[in-house]
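Peer 1: Kindly return the folded structure for what I paste below:
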Amino acid sequence: MNKENTYQTIVKSMALFGGVQVFTILISIIRSKFIAVWLGPMGMGIASLLNATMGLINGFTNFGLDRSAVKDISFGVSKDDVSQQVKIIQIVRRLVWFTVLLGVFVMIIASSILSEIAFGNSDYTFAFIWVSIALLFKQLTNGELAILQGLRRLSNLAKANLLGNLLGLLITLPLYYFYRIDAIVPSMIIASITSYIFTFYFSFKEGRGGNPISNKIALREGKEMIHLGVMLSISSLIALATAYIIQVFISNIGSIDEVGLYNAGFVILNTYVGLIFTAMATDYYPRLAAIHDKIEEVRKMVFEQAYMAILIITPIIVVFLMFAPFIINLLYSEEFSPIVGFVNWGILGMVFKTVSFSIGYVIIAKGDSKLFIKTAVGFNTVLLIINFLGYYFGGLHGLGISFFIYYIIHFMALKIITYKRYSFYFLKGFYPVFTVCALLCITAFGLTFFPSAIIKYGLLGLLSAIAVIYSYYQINRKMNIKEFLKSFLKR
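Peer 2: I've put the predicted structure just below:
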């Protein structure tokens, strides 16, 4: 694959899943807007704690198969071994059912304890029992999505995500309107079921045929997948536990209302602005996993991915910093204005997160489970300590600063680790572009403190134009944007 085609592949996949993420975000905006109005910060806090707990149990019991399976399937695709692909997919489906049953069992048995931990009482015990149904379908969905991702069935993967989210919105909004806080648990269950229905529809034909795989064979043949998956699962669990502890800390030191505010800001950073990471990882990970044993190709692919990602996200960051107060009010309500400072600091850190995100997948693609666990423990410990200090001394604003500091530490540490471990480094030409992008974002952040609104927005508008022009120029050097858009829109 030549250089231009490589960059086009990156942009095509990012455009496809970026488009899906934009549509998903619009759905989330509509849902969040109505929930914010109908349920308020307290309702969002309850929903956040229930979802965070479900995510924690999911991370604890899914054995990381949603990522380790992608690696094995994509590597099989690169070898053009159809029979092996079918066998791996059958093994994945068998193993997922084991994780599903384990997850549901743990959540039901521990429901009372989970309620005490999250809310300080046992009032939500039955809520957690019902949420186990949502967990069941969530794990089944993730298993099928991993199959589609590993096979790079990008179109079907996009359709499954888009249609599942749309139907979930249409069904759950009336529930929130009529039942308010009482609709939170039923909505979680319905959303997970609709996602599974569409994902199963698009993935049903994959991996069918061949000799049936027994449970015994699945466990024996999937041993390496489980081993890597367990390491990834432990890493995910650590990250989820960190996020969970932070929310509980905020709930105890502050209030449930502040948990809702924190999660509203976190969603903006990781879902709305962070759509580029989801779009990037969907196709990037299986492509990287397929060539993980060739360091020269790994350097080239990571360079290309990080190069395009930083140029795409820079104008987004600058424009967002310009309109942050208006966007937050639009997405939620006036009650959520206290998160402006938190979001601004956090989004500035995205400059560094974009690059470290590209580098971090090298460790996963190589299946280096021991290193992955060590970095997960180290990074999340740092994040937890910094966030505790940030919130304790500065509230939500301090949390934003702590996230910014963490993203810089994460970026620098990953550079050193991957260089020493795999001899990975960025090819010539990356850092000059990264430096310009970082300076544009830092300047935009500084301008948000300018006292005169007219001058502030005038300068931010000018800086936004500069960021767009610079990104366009640099991307156009790697590929013909006009020709790409024509062919993409025709498709």
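Peer 1: Please count neighbours and contacts with C-alpha atoms only from this point.
Peer 2: Noted.
Peer 1: how close does residue 382 get to residue 408?
Peer 2: According to CA to CA, to the nearest Å, residue 382 and residue 408 sit 12 Å apart.
Peer 1: next one: residue 472
Peer 2: Here the criterion is CA to CA. By it, residue 472 lies 26 Å from residue 408.
Peer 1: can you count the residues close to residue 168?
Peer 2: For residue 168, the tally of surrounding residues (other CA atoms under 10 Å) stands at 20.
Peer 1: again, but for the one 5 residues further on
Peer 2: Residue 173 has 17 neighbouring residues, counting by other CA under 10 Å.
Peer 1: Which of the helices or strands spans it?
Peer 2: Taking DSSP states H and E as the definition, residue 173 sits inside helix 154-179.
Peer 1: what's residue 299 in contact with, if anything?
Peer 2: Neighbour list for residue 299: 424, 425, 426, 427 [criterion: CA atoms under 8 Å, 6 or more residues apart in numbering].
Peer 1: can you do 6 Å?
Peer 2: Contact partners of residue 299, counting by CA atoms under 6 Å, 6 or more residues apart in numbering, are absent.
Peer 1: need the next SSE after whichever strand or helix holds it, C-terminal direction.
Peer 2: Residue 299 belongs to helix 295-331 when elements are defined using DSSP H and E. Past helix 295-331, further along toward the C-terminus, the next helix or strand under DSSP H and E is helix 340-365.
Peer 1: what's the angle between that following helix and helix 295-331?
Peer 2: In this structure, helix 340-365 runs at an angle of 150 degrees to helix 295-331, with axes from the mean of the first three to the mean of the last three CA atoms, to 10 degrees as the basis.
Peer 1: Adjust the sequence numbering to begin at 225 for everything that follows.
Peer 2: Yes, from this point I'll number from 225; that puts the last item at helix 564-589.
Peer 1: chain center to helix 564-589, what's the gap?
Peer 2: Computed by CA atoms, centre = their mean, to the nearest Å, the chain-centroid distance of helix 564-589 equals 11 Å.
Peer 1: and it, average pLDDT?
Peer 2: Summarised as a single mean, pLDDT over helix 564-589 is 90.
Peer 1: Repeat that for stretch 632-642.
Peer 2: For stretch 632-642, the per-residue pLDDT values average out at 94.
Peer 1: who's in contact with that stretch?
Peer 2: Under the contact criterion CA under 6 Å, 6+ apart, stretch 632-642 has outside partners 576, 580, 648.
Peer 1: Reformat these as TSV; add neighbour count.
Peer 2: As requested, the contacts of stretch 632-642 are exported to TSV (neighbours: other CA atoms under 10 Å):
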residue	neighbour count
576	22
580	21
648	20
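Peer 1: so where's the stretch 275-424 of the chain uncertain?
Peer 2: 299-305 (pLDDT under 70).
Peer 1: Equivalent analysis for the stretch 475-624 of the chain, please.
Peer 2: For the stretch 475-624 of the chain, the ranges with pLDDT under 70 are 495-499, 502-506.
Peer 1: switch to 80 and redo it
Peer 2: Along the stretch 475-624 of the chain, the model assigns pLDDT under 80 to residues 491, 494-511, 513-514, 516-517, 555-557, 591, 593.
Peer 1: if we can go back for a sec, show me which of the contacts of stretch 632-642 is closest to residue 453.
Peer 2: The closest of those to residue 453 turns out to be residue 580 (CA to CA; 21.6 Å).
Peer 1: mind listing what that closest one touches?
Peer 2: Under the criterion of CA under 6 Å, 6+ apart, the neighbours of residue 580 are residue 635.
Peer 1: C-terminal to the helix holding residue 397, what's the next element?
Peer 2: helix 408-427.
Peer 1: immediately after that next one, which helix or strand?
Peer 2: Remark: after helix 408-427, the chain's next helix or strand is helix 439-445, criterion DSSP H and E.
Peer 1: Any idea how many residues pack against the closest residue to residue 294 other than its chain neighbours?
Peer 2: The spatially closest residue to residue 294, leaving aside those adjacent along the chain, is residue 374, at 4.3 Å (CA to CA, 6 or more residues apart in numbering). Taking other CA under 10 Å as the criterion, the count of residues near residue 374 is 31.
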